[in-house]
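J.: Can you look at this prediction? I've put the sequence above it.
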Amino acid sequence: MAKILFLSHRVPYPPDKGEKIRAYHILRHLAERHDLWLGTLALEPGEDTHLGRLEAMCHGVHIAHQRPIAVLAAIAAAGLAGRSMSVAAFANAELERWCREIMRAVGPDIVFAYSSAMAQYARDHGPAAVIVDFVDVDSEKYRQYGATRPPPLNMLYRSEAQRLLKFERAAALGANACLFVSASERDLFAMRAPETTHLLHVVANGVDAAYFNPAAVRAPAAESAAIIGFTGRMDYHPNVDAVTWFARAILPRVRAVVPHARFEIVGSAPTPVVRELARGGDIIVTGAVPDVRPYYARADVCVAPLRIARGIQNKVLEAMAMARPAVVTPAALDGIAGIDGEHVLVATDEDAFAHKVIAVLQGTAPPSLGPNARARVLSHHAWDAHLAKVDAIIAATAPR
């Protein structure tokens, strides 16, 4: 049993969005086996509502609240100073002081930094080993933004990609082990930072198949519309890009053949661009919902038309666990053990994507897609099986 200081850039409960799901399951797994102290940041009001749940898992929990105006000021100062704005967004003097106190009073064996930005709190780690869960290569996301966004944002994103990669390389070299969510993310980082190759490991995401279980959800009422479902936080640019591309370029092709098709966009914080999509009756934007499972259950087909994607897409794993047929881009399937035509349908362009959605809606796609998808996540994406790799890494890196 080790003493672990676990650092997360967002409060890891409830696990209701991508950046919290992996953090929560790793935290839960480690708390069952080790003594944990959790330090984390909260930007939105009410994020400490579930403090008791976290305190039941850990010996100590500290949530440092960030003020949005202070975060914006830190980002601007970092940009002017030539430092990574992403790292500056998660710098917090209060959390820094708490980490130093835990290092002095507890003397943890391991500092586990969830997300590269949290590695800044592990600089004075003493004899403790350091594990950084990069999840995916954040600097590559900004490089992609720089290639697709209009001026002057493209120049800002390109600059941030370079600065963040510099920080990521230093963080990796200061760690004993670095985790990535898929082999492609690990290999990409190894290409960008070849001096770190010996430190890199793959720990894939799982899915809570007991929770995302069609048998646990009341069957939805019959719908006259053919429902096409998408889930995700709707102020996140890759999700916004995905639904606007689908709504403007793919849905008209689908409705030309299946005129009663309806596109449901389910997720919190929809931007004005996303809300604007709902002006016609064929697109519904729900905003935040208390439980996403009924929306999976009511969808005739789930889609993940992501053109910009990093890491494993939980929305695809959840749709598969809910035994829904899914049509996805290759980027959305990265790191997921799904086979085109057997567990999901994969499409790369508008025509192919529309054709495969139509096939599902008209019943010409393999009817076994949904059941096969659930069986696949049960056999290949159980959390404890993936997190056993974390146990082995901890055993190999913890000071003896």
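T.: Ah, there it is.

J.: Low-confidence ranges, the stretch 301-400 of the chain, go.
T.: For the stretch 301-400 of the chain, applying pLDDT under 70 flags the ranges 400.

J.: Let's see that with 90 instead.
T.: Scanning the stretch 301-400 of the chain for pLDDT under 90 picks out 309-311, 398-400.

J.: All the strands of it, residue numbers only.
T.: 301-304, 326-328, 345-346 (DSSP state E, counting those that start in this stretch).

J.: Over to stretch 168-179 now: how far is its first residue from its last?
T.: End-to-end distance for stretch 168-179: 12 Å, by CA to CA, to the nearest Å.

J.: hmm, I was thinking of stretch 247-265
T.: One end of stretch 247-265 sits 10 Å from the other (CA to CA).

J.: Quick one: distance of it to the chain centre.
T.: Taking CA atoms, centre = their mean, to the nearest Å, the mean C-alpha location of stretch 247-265 is offset from the chain mean by 27 Å.

J.: Over to residue 133. Which of the three states is it?
T.: Three-state call for residue 133 (DSSP: H, G, I helix; E, B strand; the rest coil): strand.

J.: Over to the residue nearest to it when sequence neighbours are not counted: give its phi and psi.
T.: With sequence-adjacent residues excluded and distances taken as CB to CB, 6 or more residues apart in numbering, residue 133 is closest to residue 179, at 4.3 Å. All C-beta spots, glycine's among them, are computed from the backbone N, C-alpha and C. Main-chain dihedrals, residue 179, degrees, to the nearest 10: phi -110, psi 140.

J.: Next, count neighbours for residue 179.
T.: 26 (other CB atoms under 10 Å).

J.: contacting residues around it?
T.: Contacts here follow CB atoms under 8 Å, 6 or more residues apart in numbering; on that basis residue 179 touches 131-135, 201-203, 390, 393.

J.: tell me which of these is nearest to residue 283?
T.: Using CB to CB, the shortest approach to residue 283 within the contacts of residue 179 belongs to residue 135, at 30.8 Å.

J.: Just the pLDDT for the residue nearest to the closest one when sequence neighbours are not counted.
T.: Computed as CB to CB, 6+ apart, the closest residue to residue 135 that is not its neighbour in sequence is residue 181, at 5.2 Å. Predicted confidence (pLDDT) for residue 181: 96.

J.: coming back round to it: so which of the strands of the stretch 301-400 of the chain is the most packed in?
T.: A comparison of these by mean neighbour count, using mean count of other CB atoms under 10 Å, puts strand 326-328 on top with a mean of 29.

J.: what residues does that strand touch?
T.: Against strand 326-328 from outside (CB under 8 Å, 6+ apart): 301-306, 313, 316, 319-320, 338, 344-347, 353, 356-357, 360, 369, 373.

J.: Of those residues, which belong to helices?
T.: Among those, the members found in helices (DSSP state H) are 316, 319-320, 353, 356-357, 360, 369, 373.

J.: Columns distance to residue 281 and neighbour count on top of these, output as TSV?
T.: Putting those into TSV (distance: CB to CB, whole Å; neighbours: other CB atoms under 10 Å) gives the following:
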residue	distance to residue 281	neighbour count
316	28	27
319	24	31
320	29	33
353	22	25
356	24	25
357	19	30
360	22	25
369	28	22
373	30	26
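
J.: Of the residues you listed, just say which sits nearest to residue 109.
T.: Within the ones in helices among the contacts of strand 326-328, the smallest distance to residue 109 is 35.6 Å, found for residue 316 (CB to CB).

J.: Look up the closest residue to that closest one, ignoring the ones flanking it.
T.: Residue 316's closest residue in space is residue 304 (CB to CB, 6+ apart), at 5.2 Å.

J.: is it true that that neighbour touches residue 239?
T.: No - assessed by CB atoms under 8 Å, residue 304 is found out of contact with residue 239, at 9.6 Å.

J.: Noted, bye for now.
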